[in-house]
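In: When you get a sec, could you give me coordinates for this:
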Amino acid sequence: DISRFRPDLKLLISSATLDAEKFSDYFDSAPIFKIPGRRFPVDIHYTKAPEADYLDAAIVTVLQIHVTQPAGDILVFLTGQEEIETAEEILKHRTRGLGTRIAELIICPIYANLPTDLQAKIFEPTPEGARKVVLATNIAETSLTIDGIKYVIDPGFCKLNSYNPRTGMESLLITPISKASALQRAGRSGRTGPGKCFRLYTAYNYHQDLEDNTVPEIQRTNLANVALMLKTMGINDLVNFDFMDPPPSEALLKALEQLYALGALNNKGELTKTGRRMAEFPLDPMLSKMIVASDKYKCSEEIISIAAMLSVGNSIFYRPKDKQVHADNARMNFHMGNVGDHIALLK
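Out: Alright, predicted model coming up:
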């Protein structure tokens, strides 16, 4: 709407994965500019039959590549920390069993909870005569470019955040990837030279079962913060708002109910003074209401600390598979004393 009144305003949207035609149609047939990157040919290999255990199939494929294929590092896409640590442990065990019969295989995991210094190891040059295998989540589809990757193993799954408006709960679900994600994954092997992508699913699964694009985030997450931002911008009729990807009406109504319960909206659906203050915080509305209310009870410092801990969740706690007991003992420091979870976070 602003662009219709401000022809001098220029909006540039850039992405390697977005459906350009869809965005162009939404923004009044805006022009599309394509900037081709340097891409090398990638050979795609499918399995002849569906894999019953994609994690084991990925590990077997890593070892087959290591033994039979020319030099070049391997990138394996897995769904999360648990799978990555399991794969790392099994690979170490199997390579030890093979001993000096195979070249050195350097295993580099990367996931959100991994300390920064360990994450940085994926960018270190691979020593002469060795091969590196990077075990990563779908963050490596677009956010990371790792030199030396010539082989990609794609099991065809990822974790997506899903919100259930009936229960008000969010959960991470393992779901099949989209065709767009599969293309991005394959492209990772063709950044610096010709590569190969081993898809651990059949060609039929790719063409018939995978969706063209990933379900837009606005259609599968809690919309309370989105609704609050739109209300702050003066957009009151959210039900009839021209969303590019309309969210489920049930999720939108649930978001408005939550904002009303928090005092961010009045009984007419209008933004309140409290709601305007809440909108200043880039947080979930429940946390922003908590911070706004803390001023009244003179406990803002403590509440800000609790809100910060709740925002990051478990991502600050490192719990490696081989040191789980030590990690759990260290974390027990938060549970000393007869206090609730939120007070424990202040320790």
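In: what are the ranges of the helices in the stretch 1-150 of the chain?
Out: Counting by DSSP state H, counting those that start in this stretch, residue ranges of the helices within the stretch 1-150 of the chain are 2-5, 20-26, 54-68, 81-98, 116-119.
In: How far off centre is the third one?
Out: If I follow you right, that is helix 54-68. Using Cα atoms, centre = their mean, to the nearest Å, we find the averaged C-alpha position of helix 54-68 to lie 25 Å away from the chain's own average C-alpha position.
In: before we move on, the earlier item: out of the helices of the stretch 1-150 of the chain, deepest packed?
Out: Comparing these by mean neighbour count (mean count of other Cβ atoms under 10 Å), helix 54-68 comes out on top with a mean of 18. Backbone N, C-alpha and C define where each C-beta goes, glycine included.
In: How about the residue lying closest to residue 92 once chain neighbours are set aside: which residues does it bridge to?
Out: Across the structure, with Cβ to Cβ, 6 or more residues apart in numbering as the measure, the residue nearest residue 92 apart from its sequence neighbours is residue 107 (6.5 Å). Following DSSP bridges, residue 107 is listed with bridge partners residue 133.
In: I'd say residue 107 and residue 135 touch.
Out: Yes - with contact defined as Cβ atoms under 8 Å, residue 107 counts as touching residue 135 (6.9 Å).
In: okay, and the common contacts of the two?
Out: Common contact partners of residue 107 and residue 135 (Cβ atoms under 8 Å, 6 or more residues apart in numbering): residue 88.
In: ok, residue 138 to residue 221 distance?
Out: Plainly put, residue 138 is 16 Å away from residue 221 if you go by Cβ to Cβ, to the nearest Å.
In: Likewise for residue 128?
Out: Summarising the geometry, the distance separating residue 128 from residue 221, computed by Cβ to Cβ, is 46 Å.
In: more neighbours, these two?
Out: Under the neighbour definition other Cβ atoms under 10 Å, residue 128 and residue 221 were set side by side, and residue 221 has more, 17 against 6.
In: my guess is the more buried one contacts residue 164, does it?
Out: No - here residue 221 does not reach residue 164: they are 10.7 Å apart, not a contact under Cβ under 8 Å.
In: shared neighbours of the two, which are they?
Out: Each of residue 170 lies in contact with both residue 221 and residue 164 under the rule Cβ under 8 Å, 6+ apart.
In: Flag the shaky bits of the stretch 1-150 of the chain, pLDDT-wise.
Out: Low-confidence segments of the stretch 1-150 of the chain (pLDDT under 70): 1, 38.
In: hmm, 80 instead?
Out: Confidence mapping of the stretch 1-150 of the chain against pLDDT under 80 gives the ranges 1-4, 7, 15-18, 36-39, 142-144.
In: which residues does residue 304 contact?
Out: Contacts here follow Cβ under 8 Å, 6+ apart; on that basis residue 304 touches 291, 294.
In: related to what we said a few turns ago, wait, which of the helices of the stretch 1-150 of the chain is closest to residue 243?
Out: Judged by Cβ to Cβ, the one of the helices of the stretch 1-150 of the chain that comes nearest to residue 243 is helix 20-26, at 9.5 Å.
In: can I see the domain layout of this protein?
Out: Structural domains annotated on the chain: 42-215, 218-316, as defined by automatic domain parsing.
In: circling back: who's more crowded, residue 107 and residue 135?
Out: In this view residue 107 and residue 135 are compared by other Cβ under 10 Å, and residue 135 has more residues nearby, 28 against 19.
In: pretty sure that one is touching residue 87, no?
Out: Yes - when contacts are counted by Cβ under 8 Å, residue 135 is listed as touching residue 87 (5.4 Å).
In: Need the helices of the stretch 1-150 of the chain in a markdown table (columns: distance to residue 290).
Out: Output for the helices of the stretch 1-150 of the chain, formatted as a markdown table (distance: least, Cβ to Cβ, whole Å):
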| stretch | distance to residue 290 |
| --- | --- |
| helix 2-5 | 33 |
| helix 20-26 | 36 |
| helix 54-68 | 40 |
| helix 81-98 | 29 |
| helix 116-119 | 29 |
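In: can you tell which of these is closest to residue 251?
Out: With Cβ to Cβ as the yardstick, what comes closest out of these is helix 20-26 (20.5 Å).
In: pretty sure residue 244 belongs to a strand, no?
Out: No - residue assignment for residue 244, taken from DSSP: H, G, I helix; E, B strand; the rest coil, gives coil, which places it outside any strand.
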